[in-house]
Structure formats: structure tokens, C-alpha cells
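Let's see this in three dimensions:
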Amino acid sequence: MKIRYAGKTYKVKEVKEFPHGVMYGIEDEPGHIDYINPTHCSVVGSTGYTCKESGSPYPKGTARFD
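So this is what the prediction gives:
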């Protein structure tokens, strides 16, 4: 996923859940990740997938496709 923040487009390297909510991790300088609040940026070229607003950021059980 890519986001637009402060007039530039960044690839989201990771999504982390903090006590105050989910944050997008972007690499604005090589080897340096900043975490951005999703309300302060916009998603560019969305594929239809979105980040969860609550709960675990990854599955804890087995997925079933029937």
C-alpha cells in the first residue's frame, strides 16, 4: 500500500498497533522508519484492502476458505 503524506508518496513498510491506535510505518530516509497516523495521510492507489481499525493486526487461528 502507498500513502500520500506531506506532499510526497511513500510505500508503507509496516503497520503497527500502538496503545492509541494503528500507525503506518514509512521509510522517509534509508534505514529510518517513521510512524504516521492514518488520519494525517491518504491512501494512494488502493487495491480494495484496508487496515483493521481494531483487533489483532495478524490472524491468530487457521483461515478456512469454503
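
in a helix, that's where residue 61 is, yeah?
No: residue assignment for residue 61, taken from DSSP: H, G, I helix; E, B strand; the rest coil, gives coil, which places it outside any helix.

Contact partners for it?
The neighbours of residue 61, taking C-beta atoms under 8 Å, 6 or more residues apart in numbering as the test, come to nothing; the list is empty. Quick note: C-beta positions are derived from backbone N, CA and C, even for glycine.

so what pLDDT did residue 46 get?
At residue 46, the model reports a pLDDT of 57.

Is residue 3 within a helix or a strand, and which one?
Counting by DSSP states H and E, the element that carries residue 3 is strand 2-5.

For this structure, which segments count as strands?
Chain-ordered strands for the chain, with DSSP state E as the definition, fall at 2-5, 8-18, 21-29, 32-36, 42-44.

Columns distance to residue 64 and mean neighbour count on top of those, output as JSON lines?
Formatted as JSON lines, the entries for the strands of the chain read as follows, by distance: least, C-beta to C-beta, whole Å; neighbours: other C-beta atoms under 10 Å:
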{"stretch": "strand 2-5", "distance to residue 64": "31", "mean neighbour count": "16"}
{"stretch": "strand 8-18", "distance to residue 64": "24", "mean neighbour count": "13"}
{"stretch": "strand 21-29", "distance to residue 64": "25", "mean neighbour count": "15"}
{"stretch": "strand 32-36", "distance to residue 64": "33", "mean neighbour count": "13"}
{"stretch": "strand 42-44", "distance to residue 64": "29", "mean neighbour count": "14"}
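
Looking at these, which is nearest to residue 65?
For those, the distance to residue 65 is smallest for strand 8-18, at 23.1 Å, taking C-beta to C-beta.

how big is the angle separating the closest one from strand 32-36?
With axes from the mean of the first three to the mean of the last three C-alpha atoms, to 10 degrees as the basis, strand 8-18 and strand 32-36 are set at 80 degrees to each other.

Can you give the strand pairings for strand 8-18, parallel or anti for each?
Partners of strand 8-18 in the sheet, by DSSP bridges, are strand 2-5 (antiparallel), strand 21-29 (antiparallel).
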